[in-house]
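In: sequence plus predicted model, see below.
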Amino acid sequence: MHNRKQIVITALTTFAVILALGASSIAQDKMMKDDKMMAAHHSTTFKGKAVNGGHVIHSKEGKINILTLSDDFVAPGSPDPHWQVVDSKGTVYDLGRLLVKGTGDGMGANMTPADMKPSDKLKKQIRLPAYVKDVAKVIIYCAWAEVDLGEASFEKPVM
């Protein structure tokens, strides 16, 4: 009888330790998500001639700064949309195409959303180069027509 009591106590103790470790792990995951969310900065909604809706989220992964378009962002129907950012001093940086050509038909620079193939995709995320010191505004720019299609800004420059 005494041996049976020890087995039950051991089993309950083991169960309590496993439960405590699981709760600790869940709490740690939640803290990491909260830290990541607090580190993220959201821009205003894009407004402009062709882009009206969606926003940009700035986040960091280690020392890398990342801009991500929100899920409700819709690519403009312009020939050659690009990412541009403007820093707090007004310097504009062209960071590349918004639409990335897949392995499709070689249409290249004049690809519009209507021209997109299943292998083409919207480049929703970019890593900011180290020479960009901060970001005050994000612009979707048509390199073909050289026009600003829509802008979104951050409350304060981010980085």
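Out: Here it is on my side, so go on.

In: longest strand anywhere in the chain?
Out: strand 147-158 (DSSP state E).

In: what residues of that one count as buried?
Out: Neighbour-count burial for strand 147-158 flags 149-154, 157-158 (criterion: 16 or more other CB atoms under 10 Å). (C-beta placed from N, C-alpha, C; glycine too.)

In: possible to save the residues you listed as TSV with distance to Ile139 and pLDDT?
Out: Output for the buried residues of strand 147-158, formatted as TSV (distance: CB to CB, whole Å; pLDDT from 0 to 100):
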residue	distance to Ile139	pLDDT
Leu149	8	96
Gly150	7	97
Glu151	5	97
Ala152	8	97
Ser153	9	97
Phe154	13	97
Pro157	15	96
Val158	15	94
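
In: and of those residues, the nearest to Gly90?
Out: Nearest to Gly90, judged by CB to CB, of the buried residues of strand 147-158 is Pro157 at 11.1 Å.

In: give me the beta-bridge partners of the residue most central in space within the chain?
Out: Geometric centre of the chain, nearest residue: Thr68, 2.6 Å, by CA atoms, centre = their mean. Per DSSP bridges, the residues bridged to Thr68 are Ile57, Gln125.

In: just the pLDDT for the closest residue to Gly150 other than its chain neighbours.
Out: The shortest distance from Gly150 to any non-neighbouring residue, by CB to CB, 6 or more residues apart in numbering, is to Val51 (2.7 Å). If you check Val51, the pLDDT there is 95.

In: strands of the protein, start to end?
Out: 41-42, 56-61, 64-69, 81-86, 92-97, 99-100, 121-122, 125-127, 135-142, 147-158.
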